[in-house]
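Enquirer: give me the fold of what follows.
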Amino acid sequence: MANAREILDRMKSIKDTMKITSAMYMVSSSKLQRARRDLENTQPYFYLIQDSLAKILNISPDAGNRFFDRREYKKGRQRRLGYLVITADKGLAGAYNHNVIKAAEELARNEEDDMLFVVGQVGRHYFEKRNIPIDINFNYTAQNPNMNRARHIAEKLVELFIDGELDEVYVIYTEMINSMTIEPVIKKILPLKEEHIEIRDKNNYYEHAQFLPDAQTVFDEIVPGYVTGFIYGALIESYCCEHNARMTAMRTATDAASDMLKELSMQYNRARQAAITQEITEVVAGSKAQKKGTDF
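Expert: All right, here's what the predicted structure looks like:
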């Protein structure tokens, strides 16, 4: 059994670690709430973009055909796919990074013509370590996602799709099902699907609208904003999931540390009691020895 001093030193170390894990829990909680608020504040704008696309298609069904082109004439290895993988910049978030990277590996066919785009330091380091080429390194931090980053990513992906360099574009990120459950999801953002572009605002003020120079041009200008909204939402959702996972990990670590302190406290009391008992035994033994000496 360790002596009392060693146990006290270990208890002090655990208490210091608990302060760190508790602080990280509070920081992640604050960042998660702020990110959720930012997403809610921007949702009406993106819903309006979606309504605009849906109403343009309602008036001019041929508008935006190139964004709906599935290129079915390309089969198998002829098709070139693009994957946008969103990870975190650091660990200490449980299985958050592992799960999204595993989902990316399962989906990707490892074809040389496919393209991989990664947001987040953990994902970049993972794929670079395994010599998996990253075609465009969006060298952005996964922290504090904003519209400028989402817009830059969206414009590049839309450009590659329109130029025919990519036939399908997927986003692989983590979605929060509820406060206790997060899971990686894979969603195709290009080509667009008409059934995903729904009208939320039932007002018919677009019925007599005129599009200058034409509906096709207006549609083409709006689509990047629609894709930007989806990517921005994915960045925010991943950011929230990261901090939710980190909160869970830190809470688990704090609870485990608390249990260790209880166990060490019992060991310390036993060690101290044993030391006291040892001292009493030595005093009694010394007293008896001295008494025997005086009897002679």
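Enquirer: for the stretch 151-296 of the chain, what spans make up the helices?
Expert: 215-295 (DSSP state H, counting those that start in this stretch).
Enquirer: where in it is pLDDT low?
Expert: In the predicted model of the stretch 151-296 of the chain, residues 199-209, 292-296 satisfy pLDDT under 70.
Enquirer: gap between the residue nearest to residue 275 when sequence neighbours are not counted and residue 272?
Expert: Computed as C-beta to C-beta, 6 or more residues apart in numbering, the closest residue to residue 275 that is not its neighbour in sequence is residue 4, at 6.3 Å. To be clear about C-beta, it is placed using only N, CA and C from the backbone, and glycine gets the same treatment. Distance, residue 4 to residue 272, by C-beta to C-beta, to the nearest Å: 5 Å.
Enquirer: the two: which is more packed in?
Expert: Shown here are residue 4 and residue 272; by other C-beta atoms under 10 Å, residue 4 has more neighbours (17 against 14).
Enquirer: who touches that one in this structure?
Expert: By C-beta atoms under 8 Å, 6 or more residues apart in numbering, the residues touching residue 4 are 268, 271, 272, 275.
Enquirer: just the buried residues of those.
Expert: Buried by 16 or more other C-beta atoms under 10 Å: 268, 271, out of those.
Enquirer: in CSV: the contacts of residue 4, plus distance to residue 253.
Expert: Output for the contacts of residue 4, formatted as CSV (distance: C-beta to C-beta, whole Å):
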residue, distance to residue 253
268, 22
271, 26
272, 28
275, 32
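Enquirer: need the contact list for residue 78.
Expert: Per C-beta under 8 Å, 6+ apart, neighbours of residue 78: none.
Enquirer: and the strands in the stretch 1-150 of the chain?
Expert: With DSSP state E, counting those that start in this stretch as the definition, the stretch 1-150 of the chain shows strands at residue ranges 81-86, 115-119, 136-137.
Enquirer: export the ones you listed to JSON lines and append columns for distance to residue 106, mean pLDDT and mean neighbour count.
Expert: Formatted as JSON lines, these follow (distance: least, C-beta to C-beta, whole Å; pLDDT from 0 to 100; neighbours: other C-beta atoms under 10 Å):
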{"stretch": "strand 81-86", "distance to residue 106": "11", "mean pLDDT": "92", "mean neighbour count": "24"}
{"stretch": "strand 115-119", "distance to residue 106": "14", "mean pLDDT": "91", "mean neighbour count": "23"}
{"stretch": "strand 136-137", "distance to residue 106": "22", "mean pLDDT": "71", "mean neighbour count": "14"}
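Enquirer: so residue 181 versus residue 175, what's the distance?
Expert: According to C-beta to C-beta, residue 181 and residue 175 sit 9 Å apart.
Enquirer: comparing those two, which residue is more hemmed in?
Expert: Neighbours around residue 181 and residue 175, counted as other C-beta under 10 Å, are more numerous at residue 175. The numbers are 16 against 10.
Enquirer: residue 62 versus the closest residue to the more buried one other than its chain neighbours, what's the distance?
Expert: By the measure of C-beta to C-beta, 6+ apart, the closest residue to residue 175 outside its immediate chain neighbours is residue 185, 4.6 Å from it. Residue 185 is 32 Å from residue 62, where distance means C-beta to C-beta.
Enquirer: between the two, tell me which one has more neighbours.
Expert: Neighbour count, other C-beta under 10 Å: between residue 185 and residue 62, residue 185 has more, with 16 against 9.
Enquirer: list the contacts of the more buried one.
Expert: Residue 185 neighbours (C-beta under 8 Å, 6+ apart): 103, 172, 173, 174, 175.
Enquirer: ok, what's across the strand from it?
Expert: Beta-bridge pairing for residue 185 (DSSP bridges): residue 173.
Enquirer: relative to residue 65, how far out is it?
Expert: 28 Å.
Enquirer: show me what contacts residue 50?
Expert: Residue 50 neighbours (C-beta under 8 Å, 6+ apart): 197, 198, 200, 226, 229.
Enquirer: one more: residue 289?
Expert: No contacts exist for residue 289 under C-beta under 8 Å, 6+ apart.
Enquirer: just the buried residues of stretch 24-37, please?
Expert: Neighbour-count burial for stretch 24-37 flags 24, 25, 28, 29, 31, 32, 35, 36 (criterion: 16+ other C-beta under 10 Å).
Enquirer: alpha carbons only: can I get it in CSV?
Expert: Output in CSV follows, covering the C-alpha atoms of stretch 24-37 (Å, rounded to 0.1, in the frame of the first residue of the first chain):
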residue,chain,number,x,y,z
MET,A,24,-13.4,22.7,-20.5
TYR,A,25,-16.9,21.6,-19.9
MET,A,26,-18.1,25.2,-19.1
VAL,A,27,-16.2,26.6,-22.2
SER,A,28,-17.7,24.0,-24.5
SER,A,29,-21.2,24.6,-23.1
SER,A,30,-20.9,28.4,-23.8
LYS,A,31,-19.6,27.8,-27.3
LEU,A,32,-22.3,25.4,-28.1
GLN,A,33,-25.1,27.8,-27.0
ARG,A,34,-23.5,30.6,-29.1
ALA,A,35,-23.2,28.5,-32.2
ARG,A,36,-26.8,27.3,-31.9
ARG,A,37,-28.0,30.9,-31.6
